[in-house]
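A.B. asks: Quick one, fold the following:
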Amino acid sequence: MNLEISNNQKNHKTRKIKKIIRDAVALTLDNTKTGQLIKSMGVIPVFSILLTDNRYIRKLNFEYRNIDNPTDVLSFPSIEFNGKIV
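C.D. replies: Numbering: from 1, shown residues only. From the prediction side, this is the model:
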């Protein structure tokens, strides 16, 4: 798995939470149907995670969903397999 974590928050350090995020992503891949499907396809999954503040996530939420409020999570599918986004 390739995991990229970016942090543009001034008050939080990525180093301490990077392992937690990496472990959570690995557990998700190991214990979900989607994770099993990805593994069975023989591809190396790539994840990009951005840790940000409410102001920037609000901007992204408006840009991609036309909703002018902050949100907890924005996710974007990246591949299509047998007509389904995985």
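
A.B. asks: Strands of this protein, residue ranges please.
C.D. replies: Per DSSP state E, the chain carries strands over the ranges 2-7, 46-51, 80-81, 84-85.

A.B. asks: Now do the contacts for Pro45.
C.D. replies: Contact analysis of Pro45 by Cβ atoms under 8 Å, 6 or more residues apart in numbering lists 1-2, 29, 38. In short, each C-beta sits where N, CA and C put it, glycine included.

A.B. asks: Hmm, I typed the wrong one, I wanted Met1.
C.D. replies: Applying Cβ under 8 Å, 6+ apart, the residues near Met1 are 25-26, 29, 44-47.

A.B. asks: If any of the residues you listed are buried, put those into a PyMOL selection.
C.D. replies: The buried residues among the contacts of Met1 can be selected in PyMOL (16 or more other Cβ atoms under 10 Å) with this line:
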select buried, resi 25+29+45
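
A.B. asks: With distance to Lys18 and pLDDT added, can I get the contacts of Met1 in CSV?
C.D. replies: What follows is these, written out as CSV (distance: Cβ to Cβ, whole Å; pLDDT from 0 to 100):
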residue, distance to Lys18, pLDDT
Val25, 11, 92
Ala26, 13, 93
Leu29, 17, 92
Ile44, 19, 83
Pro45, 17, 85
Val46, 16, 84
Phe47, 12, 88
